[in-house]
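>>> Have a look; sequence and predicted model below, questions after that.
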Amino acid sequence: MAASKLTKFMPSNKFLSSLKSSTDGEQKVKLVNRILKELELVDYFHTKVPEFLNDYHWEKLVRSRHVADRVSMIEYFALSQRREKNDKERREARLKAFNEQMEREKAKYENGQMGYGPYLYQLMLNPMRNMKHINLVNGSRQYYTRMLAETPKVAFDLQFLQHMPVSDASKIGAQVEMCLAENTNNFRRPFHLEFLNLNLSDQTFNLKAPLAAVTKHLIKEHADQQIVPDFYPDMHYKFNDKNVYYVTKFAKRFFEGPLDPSKTIILPATMDKENIIQSINVVKKYRFTPIYLPIRKYIKWESGGFYMPLPNILRTLKIVAETGGDWETAINQNVAYRHTIPIQQQREKIKHIYDEKQQLRREKTELIKMIENTVKD
């Protein structure tokens with residue numbers, strides 16, 4: 001391949017000088033020459049090729065040990081550059097459309113019409129709408145809920161988070177944050193929420209990452225205006241409390257009919273995986289009443305793990321509370337459609353996507369073998 005086609009991949013002189021001055025500079029320079037030979041084959045045979053390589057890319061490449069790692073890196077560089085290029089084109093297109101719209105609005109304004117935009121006519125926001133007003137509106141909703149006591153309390157048990165891997169804790173934390181946001185902002189008659197086993201002063205487990213929005217909401221300035229949820233550093237309820245329903249998918253008892261406002265429904269913040277403490281163990285420890293949504297009564301769970309995210313459970317309970325016990329409608333609206341499709345039907349639907357990915361994987365494997373057999377040190 002002509003050397004001119006490799007110019008876009010060449011490292012800078014500054015980068016080469018820094019390599020030569022290192023203790024193992026000779027070996028790294030040889031590795032750079034080998035990578036350039038590999039790039040010739042990648043540029044010719046592969047479909048995912050970057051438009052250029054800078055010193056940052058070369059720093060990553062010279063630290064790699066295997067051909068497969070370098071091919072994967074080059075793919076990543078190519079996809080990142082393609083995404084950045086597409087993002088830039090979209091931004092430019094939006095800016096162009098905005099400027100054209102502003103020109104039309106300016107022409108209307110100069111002709112004595114209502115042209116809106118910067119230095120033209122502008123909409124005036126409600127001067128009475130400020131954060132205090134919003135807090136008081138949300139707080140009044142929560143006040144009505146607690147005074148009328150027509151729906152049960154809903155509590156989130158957060159003791160599982162400290163035993164989870166970081167990825168799972170982040171997902172569950174996002175679900176809890178979504179539940180808090182929906183209950184505060186979307187529900188006209190919100191639930192009375194509680195957070196159990198949430199000790200904000202505990203330094204042994206950093207709650208800042210998985211529950212950042214929750215902790216910020218609870219301790220924010222003027223939280224009294226909004227009436228934030230109650231939170232306790234431990235399990236607030238006593239052993240064998242008959243007024244507590246603990247929601248777990250392992251339960252043999254299921255909700256039916258309207259919700260009992262005298263009860264407290266505890267939702268465990270866990271995915272109930274086998275390698276950590278499961279919700280049924282907590283039920284046995286505190287002797288609460290285990291219960292779950294009557295999902296299988298109204299739908300046939302065809303595929304995927306039997307798990308319902310916390311926001312879906314909260315929305316289901318909300319619909320049941322509003323409809324006076326219509327579990328069928330609530331469950332049909334909150335169980336993902338993919339769980340109701342047989343696995344064979346799903347495979348047929350995505351078969352072409354799977355075949356394409358397998359073909360790309362085979363081509364990549366063949367390219368790696370060819371490079372390993374062709375390029376020698």
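Everything's here; your move.

>>> beta partners for the residue lying closest to residue 196 once chain neighbours are set aside?
Spatial nearest neighbour of residue 196, excluding adjacent residues (C-beta to C-beta, 6 or more residues apart in numbering): residue 157 at 4.9 Å. To be clear about C-beta, it is placed using only N, CA and C from the backbone, and glycine gets the same treatment. Under DSSP bridges, the beta-bridge partners of residue 157 are residue 196, residue 268.

>>> need the next SSE after the lowest-mean-pLDDT helix or strand in the chain, C-terminal direction.
Within the chain, no helix or strand scores below helix 223-226, which has a mean of 75 by mean pLDDT, DSSP states H and E. Note on helix 223-226: by DSSP states H and E, the next helix or strand toward the C-terminus is strand 230-231.

>>> what residues does that following strand touch?
Applying C-beta atoms under 8 Å, 6 or more residues apart in numbering, the external contacts of strand 230-231 come out as 193-196, 198, 200, 218.

>>> In the stretch 101-250 of the chain, where is pLDDT below threshold?
126-130, 202-209 (pLDDT under 70).

>>> Which residue ranges of it form helices?
131-148, 166-181, 212-218, 223-226 (DSSP state H, counting those that start in this stretch).

>>> So which elements touch the longest one?
Just to be clear, that refers to helix 131-148. helix 223-226 (3 or more C-beta pairs under 8 Å, 6 or more residues apart in numbering; DSSP states H and E).

>>> and the helix it packs on, what does it pack onto?
helix 131-148.

>>> Could you report the pLDDT at the nearest residue to residue 175 once chain neighbours are set aside?
Sequence neighbours aside, residue 310 is the residue nearest to residue 175 in space, at 4.2 Å (criterion: C-beta to C-beta, 6+ apart). For residue 310, the pLDDT comes out at 95.

>>> Phi and psi next, for residue 310.
Residue 310 adopts backbone torsions of phi -60, psi -40, taken as degrees, to the nearest 10.

>>> What about it, how many residues nearby?
20 (other C-beta atoms under 10 Å).

>>> hmm, back to that, and the gap between the residue nearest to residue 196 and residue 374?
58 Å (C-beta to C-beta, to the nearest Å).

>>> ditto for residue 34
Taking C-beta to C-beta, one finds residue 34 at 11 Å from residue 374.

>>> who's more crowded, these two?
Neighbour count, other C-beta under 10 Å: between residue 34 and residue 374, residue 34 has more, with 16 against 11.

>>> right, and residue 289 touches residue 248 too?
No. Proximity of residue 289 to residue 248 does not meet the contact threshold set by C-beta atoms under 8 Å, at 10.3 Å.

>>> Find residues that contact each of these two.
residue 283.

>>> quick one: which of those two has more around it?
Between residue 289 and residue 248, counted using other C-beta under 10 Å, the more crowded position is residue 248 (21 against 16).

>>> Backbone dihedrals for the more buried one, both of them.
phi -150, psi 140.

>>> Surely it is in contact with residue 272?
Yes. The pair residue 248 / residue 272 is scored as a contact, 7.4 Å apart, by C-beta under 8 Å.

>>> who touches both of those two?
278-279.

>>> Could you list which residues are in contact with residue 95?
Contacts of residue 95 (C-beta under 8 Å, 6+ apart): none.

>>> Just grab the bridge partners of residue 290 for me.
Assigned bridge partners for residue 290, using DSSP bridges, are residue 246.

>>> Now the buried members of the contacts of strand 230-231.
Burial of these was assessed by neighbour count (16 or more other C-beta atoms under 10 Å); the buried members are 193-196, 198, 218.

>>> will you turn those into CSV that also has distance to residue 212?
As requested, the buried ones among the contacts of strand 230-231 are arranged in CSV below (distance: C-beta to C-beta, whole Å):
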residue, distance to residue 212
193, 17
194, 19
195, 14
196, 19
198, 13
218, 11
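
>>> Which pair of these spans the longest distance?
Within these, 196 and 218 form the most distant pair, 13.1 Å apart (C-beta to C-beta).
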